[in-house]
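Peer 1: Build the 3D model from these lines:
(one chain, ligands or ions: 1)
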Amino acid sequence: MTCDIPSASCERTQVWVDAYLSNELNPETTAEVSDHLRRCRECKEDFRSRQQIRNRLQRVVSHSEVPIGLRRRVCRMVRSFAERSPVFLSDLE
Ligand SMILES: [Zn+2]
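Peer 2: Got it, this is the predicted structure:
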């Protein structure tokens, strides 16, 4: 350990950090975790990397969400195209 904080509180922070990122902790625990992150470099680095992964995931998820209107239009187009040319459907299989 590079910090003088008891390792037990590092372990607690590791357990809570995901919930902390999701704002799922009660105010006391949130304060405890953020206090620990301010003082402990190791946990802070871990927190940062988790935060980055989380942000990246959120970006991917938000990009893959298709507006419902567009989705319906694409489905309609595909269906009408498939009805007109049955070859298209067999090509997909
Ligand atoms: Zn720590």
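
Peer 1: Spell out which parts of this protein neighbour the ion.
Peer 2: Applying Cβ under 5 Å from the ion, we find that the chain lies next to the ion at 10, 40, 43. C-betas here are computed from N, CA, C, even on glycine.

Peer 1: any idea of the mean pLDDT for the host helix or strand of S9?
Peer 2: Element membership of S9, judged by DSSP states H and E, is helix 7-21. Averaged over helix 7-21, pLDDT sits at 89.

Peer 1: For that helix, C-alpha coordinates in CSV please.
Peer 2: C-alpha atoms of helix 7-21 as CSV (Å, rounded to 0.1, in the frame of the first residue of the first chain):
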residue,chain,number,x,y,z
SER,A,7,-6.5,-1.3,3.7
ALA,A,8,-9.9,-2.3,5.1
SER,A,9,-11.2,1.0,3.9
CYS,A,10,-9.6,0.4,0.5
GLU,A,11,-11.5,-2.9,0.3
ARG,A,12,-14.7,-1.2,1.3
THR,A,13,-14.2,1.4,-1.4
GLN,A,14,-13.5,-1.2,-4.1
VAL,A,15,-16.8,-2.8,-3.2
TRP,A,16,-18.7,0.4,-3.2
VAL,A,17,-17.1,2.2,-6.1
ASP,A,18,-19.5,0.9,-8.8
ALA,A,19,-22.6,1.8,-6.7
TYR,A,20,-20.9,5.1,-6.0
LEU,A,21,-20.6,5.7,-9.8
